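> output the structure for:
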Amino acid sequence: MILVSSCLIGEPCRYNAKDNLNVKVVEFLKNKDYIQVCPEVLGGLETPRLPCEIKGNSVVNAQGENLTAAFNLGAEKCLGLAKDNHVSLCILKESSPSCGVNSIYDGTFSKCKIKGMGYTARLLKENGFSVISEKDLK
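Numbers count the residues shown, from 1 in each chain. Next up, the predicted model:
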């Protein structure tokens, strides 16, 4: 079973109510069992919503509101789904404060990226799951 970010397969769940449809991911998933997740929606955030970035040990939106609890909840729910479904691979959206695998935005809302992991990606990896981004998919 594969766990995949919903936005990568065309679900309009991004902060701006758009998707990140990735044809390579869709092709890879053909004839495979998968579950789609949006940690931010699972954590109780609405679509659309203000953009969020990790700042220090917190996740804040563009108005400075601390949404760390929602991001933690979404990450925990994704971990539960991964465990319950015996997931062997997680394909997550790069740069997201939830799903970023190799990079995230730097917390200044200036479109600058830094090396780092989103809340869900980190929790899945810490619990032994294989986690890649759509950019790592060969």
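> what about the longest helix seen in the chain, distance to the chain center?
Identified as the longest helix of the chain according to DSSP state H is helix 68-84. Helix 68-84 sits 10 Å away from the centroid of its parent chain (Cα atoms, centre = their mean, to the nearest Å).
> can you name the next helix or strand after that helix?
Using DSSP states H and E, the helix or strand that follows helix 68-84 in sequence is strand 89-92.
> what helices and strands are in contact with that following strand?
strand 2-5, helix 119-126, strand 131-133 (3 or more Cβ pairs under 8 Å, 6 or more residues apart in numbering; DSSP states H and E). For glycine as for every other residue, the C-beta is placed from the backbone atoms N, C-alpha and C.
> what is the mean pLDDT for it?
Mean pLDDT, computed over strand 89-92, is 98.
> dump it to PDB, restricted to CA.
Output of strand 89-92 as PDB, limited to C-alpha atoms (Å, rounded to 0.1, in the frame of the first residue of the first chain):
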ATOM      1  CA  LEU A  89       6.000   3.900   0.600                       C
ATOM      2  CA  CYS A  90       4.900   7.500   1.200                       C
ATOM      3  CA  ILE A  91       4.900  10.000  -1.700                       C
ATOM      4  CA  LEU A  92       4.500  13.500  -0.300                       C
END
